[in-house]
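# take a look and give me a structure for this.
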Amino acid sequence: MEQTIMFPDGKLILILIAIYILIRLPLLSYLPFVQDESIYSIMIQEQAAHPTLIPTLFGYPMSWKPMLFFWTYSIITHVTLALPIPIEAAFRLPSFLFGLLTVPLLYLVIKKVEPTGSRAVAFFSTIIFMFTLVSSYPQDALLLDSMMFFLMVCALYLYIDSGNRLGSYRFLLAGALVFVAFFVKLLLVFMVPVLALTYIYLKDKFSIREPLFWISLLAAPLAFVIHFMLLNSAGLSGELYSSEMTSHLVKDDIGATMNAFIGSMTHFIPGCGIWFALSLAGLWLYGRREPFMAVWYMFILFPLISGNFMIWYYLPVMPAIAYFAALTLVKHDGEERLDKFFMIIFSMMLLASVALCLMVYATIYGDYMPQKDVGMMMAGKENVLVLGRYNPAILTYKMLNEGSYGRVRDVGWILEQKNMPKEDAGALIQDYHKQVANMTDGSFSAMFTAQDWSFRKDTNITSFDYVVLVGQDAVMPGNYSVLYNKSNLTIYRLGVGG
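Purely as a prediction, here's the structure:
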């Protein structure tokens with residue numbers, strides 16, 4: 001088939017990179033740290049100071065994420081934190097860079113797997129991919145997914161690039177990337193050997209006879225065994241692989257399953273917009289003729305089940321969604337038509353996609369900015385206690401701001417995940433170390449799985465001057481004044497007022 005885009009691959013890739021920079025850079029520092037980003041920033045700082053095989057939080061090993069992300073970001077942020085940029089951008093810049101490196105690879109992968117090698121399909125698929133919240137959020141956030149996705153696309157490119165000058169040795173390099181990627185975000189990397197095996201079976205049967213190909217497929221299982229043994233040595237393997245992994249995929253009942261499904265679609269629908277509907281049409285029209293991409297598309301089942309309000313779970317399957325959406329628009333009766341009408345419709349869809357994304361960003365900003373405000377208010381303050389629901393940005397902004405200008409102050413943190421009576425909360429304010437039921441001291445490793453437990457950070461503080469309550473009520477001791485009260489966050493100054 002004749003190419004409808006006459007530009008060579010190099011120019012198209014440069015255009016895609018320019019678009020990526022234009023639409024990603026302004027968002028790097030727009031949002032405050034959102035939930036897990038805050039925890040990751042603390043863990044990165046700890047790895048920068050004392051690297052460990054199992055990442056730590058407040059000095060205790062954490063089971064739910066491996067070490068490579070934290071090692072890599074601790075090295076890069078050592079440089080970016082010295083730049084005159086907002087602290088959010090400094091921590092998120094590595095994600096932006098991994099996303100940038102992914103763009104040319106993604107274009108080449110899609111062009112390679114498209115039966116006609118269409119530049120138009122590869123180009124517009126990559127454009128659609130970039131203009132969705134599914135890709136923009138994790139590539140502009142302090143999350144593991146941008147680095148993980150980059151390594152996955154690198155490995156996949158090596159598997160499908162039969163003309164690579166490395167020959168069959170490319171399989172070993174692909175396997176090495178899969179092995180490394182496991183230590184970024186664990187089981188997600190098993191997508192790559194499944195897709196590689198699918199591609200080789202469908203389009204490169206000669207490579208099935210290559211021993212190095214089959215050896216490379218052992219990389220993910222080997223990484224799993226090593227990581228399991230590593231966690232097992234610390235007594236944490238069951239906490240991750242039995243509790244957390246199972247909780248994502250297997251729910252207690254049909255109601256919990258439906259709630260998880262609804263939660264997973266809450267951000268995905270506005271974040272993917274019209275492209276998801278178009279991809280379903282494309283899958284129906286071209287799925288049988290494009291079996292490799294159809295298999296890739298089927299991986300959407302996993303984020304649908306487990307991606308409860310976590311839109312970044314869809315990132316690894318977004319190329320397939322974008323691909324079938326692009327096919328629906330670009331091809332008519334098997335021919336490519338890129339006329340003025342196409343460009344007008346496509347441009348309108350891009351604008352609608354941008355509008356939906358900005359609406360979600362504005363909502364997130366309003367929801368999480370109060371945590372930053374409170375954290376900045378508490379920065380430099382001694383004898384601070386944060387008590388209540390999961391709002392870790394309060395601690396992060398306090399600690400990072402103090403670290404930028406001098407000494408990081410000790411702080412108390414009680415993460416309450418059950419309905420704690422206000423009398424108990426008041427007692428803990430007066431006696432932080434009071435023994436209460438279902439309280440874990442020191443380690444926060446099980447905070448995402450043990451929903452009926454509370455968690456208490458180690459501290460040497462014996463009495464508090466400031467108490468931050470997060471979605472919690474408490475019987476406050478003695479005299480106090482209220483310094484802040486907004487969005488279920490209240491700051492009390494103890495020992496003053498009446």
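# list the contacts of Arg280.
For residue 280 the amino acid is Leu, not Arg. Shown in contact with Leu280 (Cβ atoms under 8 Å, 6 or more residues apart in numbering): Phe324. Quick note: C-beta positions are derived from backbone N, CA and C, even for glycine.
# what helix or strand is it on?
Assigned by DSSP states H and E, Leu280 falls within helix 274-286.
# flag every buried residue along that helix.
Using 16 or more other Cβ atoms under 10 Å as the test for burial, helix 274-286 gives 275-276, 278-280, 282-283, 286.
# how about stretch 192-199?
Residues of stretch 192-199 classed as buried by neighbour count (16+ other Cβ under 10 Å): 192-193, 195-199.
# who touches it?
Residues outside stretch 192-199 that contact it (Cβ under 8 Å, 6+ apart) are 113, 152, 155-156, 159-160, 174, 178, 181, 213, 216-217, 219-220, 291-292, 295-296.
# what's the ChimeraX line that selects buried ones from these?
Selection of buried members from the contacts of stretch 192-199 for ChimeraX, criterion 16+ other Cβ under 10 Å:
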select :113,152,155,156,159,160,174,178,181,213,216,217,219,220,292,295,296
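# with adjacent residues omitted, what lies nearest to Arg389?
Closest residue to Arg389 apart from its sequence neighbours, by Cβ to Cβ, 6 or more residues apart in numbering: Gly471 at 4.2 Å.
# if I pick that neighbour, what's in contact with it?
So Gly471 contacts 388-389, 391, 488-489 (Cβ under 8 Å, 6+ apart).
# repeat for Met349
Met349 neighbours (Cβ under 8 Å, 6+ apart): 273-275.
# redo the buried residues of stretch 192-199 as a markdown table? Include distance to Asn232.
Listed next are the buried residues of stretch 192-199 as a markdown table, based on distance: Cβ to Cβ, whole Å:
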| residue | distance to Asn232 |
| --- | --- |
| Val192 | 25 |
| Pro193 | 24 |
| Leu195 | 29 |
| Ala196 | 29 |
| Leu197 | 29 |
| Thr198 | 32 |
| Tyr199 | 34 |
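# output the residues you listed as CSV; include the columns distance to Ile23 and secondary structure.
As requested, the buried residues of stretch 192-199 are exported to CSV (distance: Cβ to Cβ, whole Å; DSSP: H, G, I helix; E, B strand; the rest coil):
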residue, distance to Ile23, secondary structure
Val192, 27, helix
Pro193, 32, helix
Leu195, 27, helix
Ala196, 31, helix
Leu197, 35, helix
Thr198, 32, helix
Tyr199, 30, helix
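# ok, which stretches of the chain are strands?
56-57, 60-61, 331-332, 335-336, 384-388, 411-415, 439-441, 454-456, 466-470, 480-486, 489-494 (DSSP state E).
# just among the contacts of Gly471, which is most surrounded?
Per-residue neighbour counts (other Cβ atoms under 10 Å) across those peak at Gly388, which has 25 neighbours.
# nearest residue to that residue other than its sequence neighbours?
Val470 (3.1 Å).
# same thing with Phe182?
Per Cβ to Cβ, 6+ apart, closest to Phe182 is Ala223, 3.5 Å.
# who's in contact with the one you found?
Contacts of Ala223 were listed using Cβ under 8 Å, 6+ apart, and they are 178-179, 182-183, 189.
# try Leu143
36-37, 40, 95, 312 are the contacts of Leu143 under Cβ under 8 Å, 6+ apart.
# and the pLDDT at the closest residue to Pro32 other than its chain neighbours?
Spatial nearest neighbour of Pro32, excluding adjacent residues (Cβ to Cβ, 6+ apart): Lys372 at 3.9 Å. pLDDT for Lys372: 95.
# counting neighbours, what do you get for Lys372?
Using other Cβ under 10 Å, Lys372 has 21 other residues around it.
# wait, it touches Ala393, no?
Yes - judged on Cβ atoms under 8 Å, Lys372 makes contact with Ala393 at a distance of 5.8 Å.
# now for those two: what residues contact both?
Common contacts of Lys372 and Ala393, defined by Cβ under 8 Å, 6+ apart, comprise 32-33.
# about what we covered before: which of the contacts of Met349 sits closest to Ser146?
Comparing these against Ser146 with Cβ to Cβ places Trp275 closest, at 19.6 Å.
# could you report the pLDDT at that closest one?
91.
# what residues go with each domain of this protein?
Under the assignment automatic domain parsing, the domains of the chain span 9-338, 368-494.
# of the contacts of Gly471, which is the nearest to Ala425?
The closest of the contacts of Gly471 to Ala425 turns out to be Gly388 (Cβ to Cβ; 8.0 Å).
# the closest one bridge partners, please.
Beta bridges link Gly388 to Leu415, Val470, judged by DSSP bridges.
# mind listing what it touches?
414-416, 425, 468-472.
# how much space between Glu88 and Val411?
As for Glu88, its distance to Val411 is 20 Å (criterion: Cβ to Cβ, to the nearest Å).
# run the angle between the longest helix seen in the chain and strand 480-486 for me.
Longest helix in the chain, counting residues (DSSP state H): helix 340-378. Interaxial angle of helix 340-378 relative to strand 480-486 (axes from the mean of the first three to the mean of the last three Cα atoms, to 10 degrees): 180 degrees.
# now helix 340-378: buried residues?
Under 16+ other Cβ under 10 Å, the buried positions of helix 340-378 are 342, 346, 349-350, 353-354, 356-357, 360-361, 364, 368, 370-375, 377-378.
# go on, stretch 104-120?
104-114, 118-120.
# mind exporting it as PDB, just the C-alpha atoms?
Extracted in PDB, the C-alpha atoms of stretch 104-120 (Å, rounded to 0.1, in the frame of the first residue of the first chain):
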ATOM      1  CA  PRO A 104      10.300   7.000  19.200                       C
ATOM      2  CA  LEU A 105      10.300   3.400  20.300                       C
ATOM      3  CA  LEU A 106       6.500   3.200  20.500                       C
ATOM      4  CA  TYR A 107       6.200   4.700  17.000                       C
ATOM      5  CA  LEU A 108       8.700   2.100  15.600                       C
ATOM      6  CA  VAL A 109       7.000  -0.800  17.400                       C
ATOM      7  CA  ILE A 110       3.600   0.200  16.000                       C
ATOM      8  CA  LYS A 111       5.000   0.700  12.500                       C
ATOM      9  CA  LYS A 112       6.700  -2.700  12.700                       C
ATOM     10  CA  VAL A 113       3.600  -4.700  13.800                       C
ATOM     11  CA  GLU A 114       1.200  -2.900  11.400                       C
ATOM     12  CA  PRO A 115       0.900  -5.300   8.400                       C
ATOM     13  CA  THR A 116       1.600  -2.600   5.800                       C
ATOM     14  CA  GLY A 117       4.200  -0.700   7.800                       C
ATOM     15  CA  SER A 118       2.000   2.400   7.600                       C
ATOM     16  CA  ARG A 119       3.600   5.500   8.800                       C
ATOM     17  CA  ALA A 120       0.200   7.200   9.100                       C
END
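# about what we covered before: of the domains of the chain, flag the one that's most buried.
domain 9-338 (a mean of 19; mean count of other Cβ atoms under 10 Å).
# between its first and last residues, how far does it reach?
17 Å (Cα to Cα, to the nearest Å).
# cool, and stretch 166-175?
By Cα to Cα, one end of stretch 166-175 lies 14 Å from the other end.
# in this protein, which helix or strand is least confident?
Every helix and strand in the chain was compared by mean pLDDT, DSSP states H and E; the lowest is helix 245-249, with a mean of 56.
# what angle do the longest helix of the chain and helix 274-286 make?
140 degrees.
# do you know how far the residue nearest to Arg389 is from Leu212?
Counting by Cβ to Cβ, the gap from Gly471 to Leu212 is 55 Å.
# what does Leu304 give?
From Leu304 to Leu212 the distance is 35 Å (Cβ to Cβ).
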